[in-house]
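>>> sequence first, then the predicted structure:
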Amino acid sequence: MKLSRYPGLIIAVLLVVLVSLYPIITGSASARETVFTVLMSLALASSLNILLGYTGYVSFGHIVFFGLGGYVGFYTLTALHWHLLLAVLAGGAAAAGLAFALGKSILRLRGAYFALATIGVNEALRAFINNFEPFGGPVGMDMKFAIYNEYGGAMQALWIVYGGLIVITLGVIFTSYAVKKSKFGLGLMAIREDEDAAEVMGVMAPNAKTWAYVLSAIFPGLIGVLFFFKNGNIEPGDAFRLHLSIELIVMVMLGGQGTVLGPIVGGAAYQQLRKTLLTSPLFKNIQLAVAGFLLLIIVLFIPSGAVGWLRSRFATMRRVLE
Amino acid sequence: MSRKVMFVLGMLVIVALMLTACAPAPAAKTSGAEKTVTIGFTASQTGKYNVESSRQTNGLKMWVDDVNNAGGIKLSDGTVLKFATKFYDDESNKDRVQELYTRLATEDNANFLISPYSSGLTAAAAVIAEQYGKIMITTGAASDATYKQGYTLVYQAYTPASRYLTSSVDLLGSLDASAKKIAFVYENSKFSTSVVEAAKAYAEAQGYDVVLFEGYDPDTSDFNPFINKIQAASPDAIMGGGHFQDGSTFARQINEKNLPVKFISLLVAPPEPTFSELGDAAVGVAGPSQWEAAAKYSPEAAKAAGMDWLGLSSTEFAQKYEKAYGEAPSYHAAGGYAAGLLLQNAIQKADSIETAKVKAALDATNLMIFFGPLKFDTSADAHGLQVGHSMIVVQWQRDSSGKLVKQVVWPTSGATADPLYPIH
Amino acid sequence: MVNVLLASLIDGLLIGFVYGIAAMGLSLIFGVMDVVNLAHGPIIALGMFGVYLLFSLLGLNPFIALILVAVMGLLFGLVMYMTAVHRVIDAPPLSSLLATFAVNMMIIGIGTSLFTTSSYNVEYSLGTVTAGPINVTGTRLAASLIALLVTAALYWFLYYTRTGKYIRAVANNRSSAELMGIPSTRILALSFGIGTMLAAIAGGLIATIFPINILAGGSYELKSFVIVVMGGLGNPLGALIGGLILGLMEGVVPVFMKTTWVPVLEFMLFIIILLVRPQGILGAKE
């Protein structure tokens, strides 16, 4: 296997590895937390991209997988005393299961109907968990500080969580790349361009869509467990925050939908932008409005995002960036 | 209109404060070394908690100014401690609370931490405080659960949620032995649910009949379905509510629907000065409060109770705050100031800012301030839980000239008026 | 029991009219140009603050102020269409969703810095009407009545005026309408404007009943999604029926079970209707 044959993958992986190594080398916890936020965004955005970018289905409720995974994982950690690794897998499995069921049902809907249905799913699940006593209802669940001792104390536990997130992030990137380069991915992109034509050409659209949905849902499920384990508590409002879903779409758009690198660039850029706006005295109060304005400009004038724009502008970029 | 003017004035004051905070501190060379102690916290400058959180921050900053203007804290080795704040905006959501607290604890080298506003955000911050071995005084975070997770460095200034409404039940009992039916209608949030669950258990133990026990979603604006249900259950008293917005709407619609009920006690909303804007709908509505300007805690009372006393009186606090921020202080503001005083007391007792020594001093806290008596649980299962402080109950009443006034009606020792009962 | 049921029915029905009109604009815009306007909630909030400001600063009667708010809602929609929506009208759905969401962020961002997220009240009362076990506030009655009037006016406009017929023609088939010489861009802009005008009116009506804050439009936007799906996406008059159904559900379901189950039922119903009968209970745009 010659590495130089996969420049798109190498660039994406190198970017993530370099950024995530920085806190490990310097040992700075503060840098670790900053990178954690960034990695989480770009991993979630990349996972959304598998559905949104490749298949062309707009999900406004992607965060439902993050929330459900988080809840299931948190429950297995606190009530069943599972090990974190098992809990993370349980979270991922729950998210995948939900995606499979949804894939068999609401993925039949197209365009705006599907987008609306995903909002409905997120809100229905949030409202349900609000009433679901085993998960603590509206109060949510808390975790004993002593749980961290099983992982060598809180300090080490947070480093473990960080390591876990790096692994998951790399997993998303490999998956995203593999899907894009596979026959399966080609089928998805055919669905994106014209679903009916794709079916005529022999793409099993319902199955392909469902598997794309499941793939894109697993990762938020895994990440949700890590995030809420680190947080020490979980509540319905934090787990199913519709706003976060929409921020993810903005990240994907910013970087370029349907590209491997796009969501990575978009996720990192969005977090950086938000931080800059939030700490600038001039924009502090209207940071949301400024972000909205930027989004509008991108949607109207650069709909393919930063990476897409580079690819269409420079022929060499098409060979290097994926 | 005056509210707008006040708002503008308030903003100007905040801007001015920020500017002064940014200006380089004059390097006053006094005898003995001067040391700056950094207090780190996040504030919800945007998002749903921004009103309560900015009041809390204002209170805390006022304490910092007061203690610095008084010359700081002098330790026995001649060091003079001055205080500075370092804070970030948490946007009222949990995403970045841990990131920001980690930054405060490591990069900014905050010596002590203060909690964000709300139980949810505080729970996330507590993990970080404990992990980096920083003492965190919490204010605006009442849920008991946070203090039962095995933390050793987290200390609560507020009366915990489990004792928020119990005094209202006691008050009802003292007013009318025949009133036996209570309806609990509350906001579905971590804080309110913990409050009413504890209150329900307490009421049932006292022989009350809980005829309705229901939560509503935090952004509810139409309470008619609940009011219809309450009417069917015909309780003597309604208790519950959640935060300001839903609580005041609930009170307004109870009034619009002419619901015949003898006693109403709601969380958070009634103690707010702006509750009076409800007019007639506010009359008779009671609610638990962490602190009121009319509270009469004094050095003498402290002495009588065998407690230490520190800081200013309630009236002084209220006057100072009103002068600085153009509005009467709510208990959130008082809570912010109280968190500062708790630290000040512990540092003075410990004669140090070392975590272990200050922790020992906090564990031994037996203090009375304008906010009330303060003492912490030191057992392993509920370390840091507030056990000294208790709630007072306020009620809106019309005075002889027909003006709406917030009166303290419980405990009877501190009451400024007799309770209005029954309302209807 | 009968009394509670009766009171809940009336309450649900009255609020249903207001829900209906809140959803109507969303449905109209979708029907004409297949755009889901994600700035719908913030525009409702703008309508609320419009009435609040006119009432508290100028002392205008809130129901008179509503007329001004409606005009401003129309103008806002025209401007928004030309700047943010027109370019993406034929792009994939994601583009128009994001363009309108960008407008949402701008309104909320600026609104929050002006008004914070605290709540405000329009201190205006028309008393309470009492009949047996039923108590209804005057403002609620008036709001429902106005909502009904506006619906009737919209119906008349769409079916009995030339412009209204143009709108329906464009909704049915834009390219053939263009062939017939209908100025489609102007009609699209106008439809968008009417859509936002309805949202602003709904906001104004809500302001007379409930306390308002800049984020309050969000929950009406979510309800509107449920309503338009029930009434048939793109069928503005179906939205009234959807609104009534939702209002009745919110009023009556709590009599039988915990109120917090209402949103679970609402969104389940929403998903089921989308799956089983995506054209809505009444059928989609004709």
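Yes, it's here.

>>> got a list of contacts for the least confident helix or strand in chain A by mean pLDDT?
Least confident helix or strand of chain A, by mean pLDDT, DSSP states H and E, is helix A:315-320 with a mean of 80. Defining contact as CB atoms under 8 Å, 6 or more residues apart in numbering or on different chains, one finds that helix A:315-320 is touched by A:Pro7, A:Gly8, A:Ile11, A:Leu310, A:Arg311. (Glycine included, C-beta is placed from N, CA and C.)

>>> how about the nearest residue to the third one, chain neighbours excluded?
In this case it means A:Ile11. Sequence neighbours aside, A:Leu261 is the residue nearest to A:Ile11 in space, at 6.4 Å (criterion: CB to CB, 6 or more residues apart in numbering or on different chains).

>>> what about that neighbour, neighbour count?
When neighbours are counted by other CB atoms under 10 Å in any protein chain shown, A:Leu261 registers 27.

>>> for B:Gly40, helix, strand, or coil?
Using DSSP: H, G, I helix; E, B strand; the rest coil, the structure places B:Gly40 in strand.

>>> pull the number of nearby residues for B:Pro373.
With other CB under 10 Å as criterion, B:Pro373 counts 19.

>>> likewise the one 10 residues further on?
With neighbours defined by other CB under 10 Å, the count for B:His383 comes to 19.

>>> give the contact list for the residue nearest to A:Ile11.
By CB under 8 Å, 6+ apart, the neighbours of A:Leu261 are A:Gly8, A:Ile11, A:Ala12, A:Leu15, A:Gly255, A:Val307, A:Leu321, A:Glu322.

>>> what's around the fourth one, how many residues?
Looking back up the chat, that one is A:Leu15. A:Leu15 has 16 nearby residues by other CB under 10 Å.

>>> which strand or helix spans it?
Using DSSP states H and E, the element containing A:Leu15 is helix A:7-26.

>>> what bits of the stretch 1-150 of chain B have low per-residue confidence?
Within the stretch 1-150 of chain B, the segments meeting pLDDT under 70 span B:1-32.

>>> get me the contact residues on it for chain C.
Taking CB under 8 Å from any CB of the partner chain as the measure of proximity, the stretch 1-150 of chain B contacts chain C at B:Thr46, B:Gly47, B:Lys48, B:Asn50, B:Val51.

>>> of these, which is the most crowded?
Ranked by the number of neighbours (other CB under 10 Å), those place B:Thr46 first, at 23 neighbours.

>>> hang on, that residue in a strand?
No. Assessed with three-state DSSP, B:Thr46 is coil; it does not lie in a strand.

>>> hmm, A:Gly56 is touching C:Ser95, no?
No. Judged on CB atoms under 8 Å, A:Gly56 makes no contact with C:Ser95 at a distance of 11.8 Å.

>>> any part of the helix or strand encompassing C:Arg186 near chain A?
Here C:Arg186, judged by DSSP H and E, is contained in helix C:184-209. No. Using CB under 8 Å from any CB, helix C:184-209 stays clear of chain A, coming no nearer than 14.7 Å.

>>> what is the subsequent helix or strand relative to the longest helix along chain A?
In chain A, assigned by DSSP state H, the helix with the most residues is helix A:153-181. Once helix A:153-181 ends, the next helix or strand along the chain (criterion: DSSP H and E) is helix A:183-193.

>>> using PDB, write out every CA atom in stretch B:46-60.
Extracted in PDB, the C-alpha atoms of stretch B:46-60 (Å, rounded to 0.1, in the frame of the first residue of the first chain):
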ATOM      1  CA  THR B  46     -26.000  35.400  26.900                       C
ATOM      2  CA  GLY B  47     -28.800  32.800  26.800                       C
ATOM      3  CA  LYS B  48     -31.700  32.000  29.000                       C
ATOM      4  CA  TYR B  49     -30.000  32.500  32.400                       C
ATOM      5  CA  ASN B  50     -28.500  35.900  31.600                       C
ATOM      6  CA  VAL B  51     -30.700  38.000  33.900                       C
ATOM      7  CA  GLU B  52     -30.200  35.900  37.100                       C
ATOM      8  CA  SER B  53     -26.600  35.300  36.300                       C
ATOM      9  CA  SER B  54     -25.600  38.900  35.800                       C
ATOM     10  CA  ARG B  55     -27.200  39.800  39.100                       C
ATOM     11  CA  GLN B  56     -25.100  37.100  40.700                       C
ATOM     12  CA  THR B  57     -22.000  38.400  39.000                       C
ATOM     13  CA  ASN B  58     -22.800  41.900  40.100                       C
ATOM     14  CA  GLY B  59     -23.100  40.800  43.700                       C
ATOM     15  CA  LEU B  60     -19.800  39.000  43.600                       C
END
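
>>> C:Ile43 reaches C:Ala200, doesn't it?
Yes. Taking contacts as CB under 8 Å, C:Ile43 lies within contact range of C:Ala200: 6.0 Å.

>>> which residues are common contacts for those two?
Joint contacts of C:Ile43 and C:Ala200 (CB under 8 Å, 6+ apart) are C:Gly73, C:Phe76.

>>> residue 183: how many residues sit nearby?
Defaulting to chain A. Neighbours of A:Lys183 using other CB under 10 Å come to 8.

>>> that's the wrong chain, I wanted chain C
Residues near C:Pro183, counting by other CB under 10 Å: 13.

>>> repeat that for B:Ser289.
By other CB under 10 Å, the residues close to B:Ser289 number 26.

>>> surely it touches B:Ser390?
No. Taking contacts as CB under 8 Å, B:Ser289 lies outside contact range of B:Ser390: 10.9 Å.

>>> and the stretch 51-200 of chain C, which residues reach chain A?
Counting by CB under 8 Å from any CB, the stretch 51-200 of chain C sits next to chain A at C:84, C:87-88, C:91-95, C:97-99, C:101-110, C:112-113.

>>> and the residues you listed, which are buried?
C:84, C:87-88, C:93-95, C:97-99, C:101-110, C:112-113 (16 or more other CB atoms under 10 Å in any protein chain shown).

>>> what about B:Glu272, distance to B:Leu266?
From B:Glu272 over to B:Leu266 the distance is 11 Å, taken as CB to CB, to the nearest Å.

>>> do the helix or strand harbouring B:Ser248 and chain A meet?
Element membership for B:Ser248 (DSSP H and E) is helix B:244-256. No. Shown here: helix B:244-256 not in contact with chain A (CB under 8 Å from any CB), separated by at least 13.3 Å.

>>> pLDDT on that helix, on average?
Helix B:244-256 comes out with an average pLDDT of 89.

>>> same thing with stretch A:220-240?
93.

>>> and it, end to end?
12 Å (CA to CA, to the nearest Å).

>>> about what we covered before: adding distance to A:Arg241, write the residues of the stretch 1-150 of chain B next to chain C out as JSON lines.
Shown next, in JSON lines, are the residues of the stretch 1-150 of chain B next to chain C (distance: CB to CB, whole Å):
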{"residue": "B:Thr46", "distance to A:Arg241": "15"}
{"residue": "B:Gly47", "distance to A:Arg241": "12"}
{"residue": "B:Lys48", "distance to A:Arg241": "12"}
{"residue": "B:Asn50", "distance to A:Arg241": "17"}
{"residue": "B:Val51", "distance to A:Arg241": "21"}
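
>>> and these near chain A, which?
Checking the residues of the stretch 1-150 of chain B next to chain C against chain A (CB under 8 Å from any CB), the matches are B:Thr46.

>>> hey, where'd the strands end up in the stretch 101-250 of chain A?
Using DSSP state E, counting those that start in this stretch, the strands of the stretch 101-250 of chain A run over A:141-142, A:233-234.

>>> ok, and which of those strands has the densest surroundings?
strand A:233-234 (a mean of 28; mean count of other CB atoms under 10 Å in any protein chain shown).
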